[in-house]
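Trainee: coords please:
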Amino acid sequence: MIIITLQREKCIGCNYCAEFAPEYFRMSKKDGKSVLLKTEDKKGFYTLKTPNYEALEPCDKAAKACPVKIISVKEI
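Mentor: I've put the predicted structure just below:
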């Protein structure tokens, strides 16, 4: 299982996540911040749990590229 978490409020809109993992991240047209697809806000954290291990590499690249370090990717 892969768990991806985004702290959206701290996003600066650099677009790296959407470039590295477009299947999981998009940039909002409303405020220019990142959106982790298929998730809901829970106290400022957006979390996606997926059994798809193909998500690990692109999301990990996105997390490492994020200049404000608001994306975490865990494998459990």
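Trainee: Please count neighbours and contacts with C-alpha atoms only from this point.
Mentor: Fine.
Trainee: I'd like the distance between I2 and K10.
Mentor: According to Cα to Cα, to the nearest Å, I2 stands 22 Å off from K10.
Trainee: More neighbours: which of these two?
Mentor: Per other Cα atoms under 10 Å, whichever of I2 and K10 has more neighbours is I2, with 17 against 13.
Trainee: hey, what's that one bridged with?
Mentor: Listed by DSSP bridges, the beta-bridge partners for I2 are T50, E75.
Trainee: Now do the worst-scoring helix or strand of the chain on mean pLDDT: which elements does it pack against?
Mentor: Lowest mean confidence among the helices and strands of the chain (mean pLDDT, DSSP states H and E): strand 41-42, at a mean of 94. Counting contacts by 3 or more Cα pairs under 8 Å, 6 or more residues apart in numbering; DSSP states H and E, there are no secondary-structure elements packed against strand 41-42.
Trainee: Sheet partners, orientation included, of that strand?
Mentor: Taking DSSP bridges, the sheet neighbours of strand 41-42 turn out to be strand 45-50 (antiparallel).
Trainee: Contacts for the strand it pairs with, please.
Mentor: For strand 45-50, the surrounding residues in contact (Cα atoms under 8 Å, 6 or more residues apart in numbering) are 1-8, 36, 38-40.
Trainee: Nearest to P22, out of those residues: which one, please.
Mentor: P22 lies nearest to L36 out of the contacts of strand 45-50, by Cα to Cα, at 9.7 Å.
Trainee: Need the phi and psi values for the closest one.
Mentor: Backbone torsions of L36, given as degrees, to the nearest 10, read phi -90, psi 110.
Trainee: Tell me how far it lies from M27.
Mentor: Here the criterion is Cα to Cα. By it, L36 lies 9 Å from M27.
Trainee: who has more neighbours, those two?
Mentor: For L36 and M27, the more surrounded residue by other Cα under 10 Å is L36, and the numbers stand at 27 against 19.
Trainee: Strands of the protein, start to end?
Mentor: Ranges of strands within the chain are 2-6, 25-27, 34-36, 41-42, 45-50, 71-75, based on DSSP state E.
Trainee: now the ones you listed in JSON lines, with distance to C17?
Mentor: Shown next, in JSON lines, are the strands of the chain (distance: least, Cα to Cα, whole Å):
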{"stretch": "strand 2-6", "distance to C17": "10"}
{"stretch": "strand 25-27", "distance to C17": "6"}
{"stretch": "strand 34-36", "distance to C17": "8"}
{"stretch": "strand 41-42", "distance to C17": "18"}
{"stretch": "strand 45-50", "distance to C17": "14"}
{"stretch": "strand 71-75", "distance to C17": "9"}
